[in-house]
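1. Let's see this in three dimensions:
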Amino acid sequence: MDCFFAAIEQRDNPNLRGRPVVICGSPDRRSVVSTASYEARKFGIGSGSSAFSAHIKCPDAAFVEGNSHKYIYASSRLMQILKDVTSEVEIASVDEAFLDITGCEALYGSPENVAWSIKDRVKNELGVTCSAGIAPNKLVAKMASGLHKPDGLTVVLPGEEERFLSKLPVGKLYGVGEKTQQVLHKLGVSTVFDLTLVPRDVLVRHFGVGGECLYHASRGIDDSPIIPYYKSHSAKSMGHEHTFDRDVNNPAAVFGTLLWLSEKLGRRLRKGNYFASNITIKLRFADFTTITRGSMLRTPTNIERVIFPSAKNLLLASWKDRKMLRLLGINASSLVRSQSVQQELFGVGNSKRHKRLVEAVDKIRDRFGEKAIRYAGSLSAYAV
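-> The predicted structure follows:
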């Protein structure tokens, strides 16, 4: 999709059309930019930047607080349009998907006709635009979809994958981040074509297994299959983050926020019928330095009484100097379904009494909202 969240807001509010639109919280609330319209991107505003810096770059921009319910509804309609074309749809994110359109020619004709049919339905039914890439594999299709945004369509025929990629800056290659790009520049690599000239063993020496991936990606080689939505129901991880309204180093507020995030995480795991084996915390300091620390649990859990102590120990070990914090996050990974879990007989949260307590709390929140009942320790959390 083309600037999906911003496009939805411009669709629904005529006063925003043609204006720089930034989706986030208010600039004075230290929020992070989720999406910026193309008008805003001309000022150098991109996803992940702070709302404060976006306000400096473009003070006349419209700063709109995101509406997740509206975006999820639009996303569900988008995915249904794609599923009407083929059942082989891999949902990559809320606004992106891969389709295997093999066999669709009988109904739609050429691959280009398939793409135009999708683009027309999205525009007519959702009122926003999307861009499509057609190629023999997922990697090149992904690269092609971003080449002529917005409302673009790019076709890469079989055998043309390497030539198509060769002229692109190496930083545009999918999977090449800022740090990888810095190392590649030291090796004299500025374009994808330059990357094809670097021997495989050199890439492996600098990047390990990632070097093999770079070697193949630069040549447009990608054998990863489409994993249809009906075969991919399991989440890989779940997490929550909180950006403080101001930098903090107050232990009560920080640990209270961590408990609140643990409550949210536990509830989300239970809703999905998941148990987590790995807990990770994320700390972003006032100077934007970011660290993550993780640990394995002895037994998978979805109970905040187990999640929080593990997260708290990680925080105690990595925040000894009490540096000012900008952001705090928690993540659960190595997820399994409840039927796969062998519980400890006397583990925390395994008593019938505690299970009834958790179920009762979840029912109260289902009926009266997430803030209806809280752990007392989380009441010291900032901006909650």
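
2. Please give the number of neighbouring residues around S131.
-> 19 (other C-beta atoms under 10 Å). From N, CA and C alone the C-beta is placed, and that goes for glycine too.

3. again, but for A51
-> Neighbour number of A51 under other C-beta under 10 Å is 24.

4. Equivalent analysis for S318, please.
-> 13.

5. So for it, what's the nearest residue that isn't a sequence neighbour?
-> Closest residue to S318 apart from its sequence neighbours, by C-beta to C-beta, 6 or more residues apart in numbering: R293 at 4.8 Å.

6. Confirm that neighbour sits in a strand?
-> Yes. R293: assigned to a strand according to DSSP: H, G, I helix; E, B strand; the rest coil.

7. pretty sure it is touching T280, no?
-> Yes. Using C-beta atoms under 8 Å, R293 is in contact with T280, at 6.8 Å.

8. what residues are shared contacts of these two?
-> By C-beta atoms under 8 Å, 6 or more residues apart in numbering, R293 and T280 have these common neighbours: L314.

9. Provide the contact partners of stretch 161-173 at residue level.
-> Contact with stretch 161-173 is made by 135-137, 140, 143-144, 146, 156, 176, 178, 181, 184, 189-196, 214, 217-221, as judged by C-beta under 8 Å, 6+ apart.

10. I'd like to know which of these are buried.
-> 135-137, 140, 143-144, 156, 176, 181, 184, 189, 191-196, 214, 217-218, 220 (16 or more other C-beta atoms under 10 Å).

11. In helices, which of the residues you listed fall?
-> Under the assignment DSSP state H, those contribute V140, M143, A144, Q181, L184, V192, F193, D194, L195, T196, L214, A217 to helices.

12. picking that back up, next one: the residue nearest to S318 from D223, what distance?
-> Remark: distance between R293 and D223 (C-beta to C-beta, to the nearest Å) = 35 Å.

13. neighbour-wise, which of those two wins?
-> Regarding R293 and D223, a neighbour count based on other C-beta under 10 Å identifies R293 as having more, with 16 against 8.

14. For H242, which three-state class applies?
-> strand.

15. Quick check: beta-bridge partners of it?
-> Counting by DSSP bridges, H242 is bridged to L328.

16. correct me, but it touches G329?
-> Yes. Look at H242 against G329 with C-beta under 8 Å: they come within range, at 7.2 Å.

17. what's the overlap in contacts for these two?
-> With C-beta under 8 Å, 6+ apart, H242 and G329 have common neighbours L261.

18. pLDDT weak spots in the chain?
-> Scanning the chain with the threshold set as pLDDT under 70 gives 26-29, 232-234, 338-351, 382-384.

19. Could you list the domains of it?
-> Domain ranges of the chain: 4-66, 167-217, 237-380, per automatic domain parsing.

20. Any idea how far apart the tips of the last one sit?
-> Looking back up the chat, that one is domain 237-380. End-to-end distance for domain 237-380: 27 Å, by C-alpha to C-alpha, to the nearest Å.

21. can you give me the strands in the stretch 251-384 of the chain?
-> Here the stretch 251-384 of the chain has its strands, by DSSP state E, counting those that start in this stretch, at 274-285, 290-301, 325-337.

22. do you know which of those lies nearest L259?
-> Of all those, it is strand 325-337 that lies closest to L259, at 10.0 Å by C-beta to C-beta.

23. which helices and strands sit right next to the closest one?
-> Contact here means 3 or more C-beta pairs under 8 Å, 6 or more residues apart in numbering; DSSP states H and E; on that basis strand 325-337 packs against strand 237-248, helix 251-271, strand 274-285, strand 290-301, helix 304-318.

24. Turn the ones you listed into TSV, columns for distance to M79.
-> Below are these laid out as TSV (distance: least, C-beta to C-beta, whole Å):
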stretch	distance to M79
strand 237-248	20
helix 251-271	20
strand 274-285	22
strand 290-301	30
helix 304-318	31
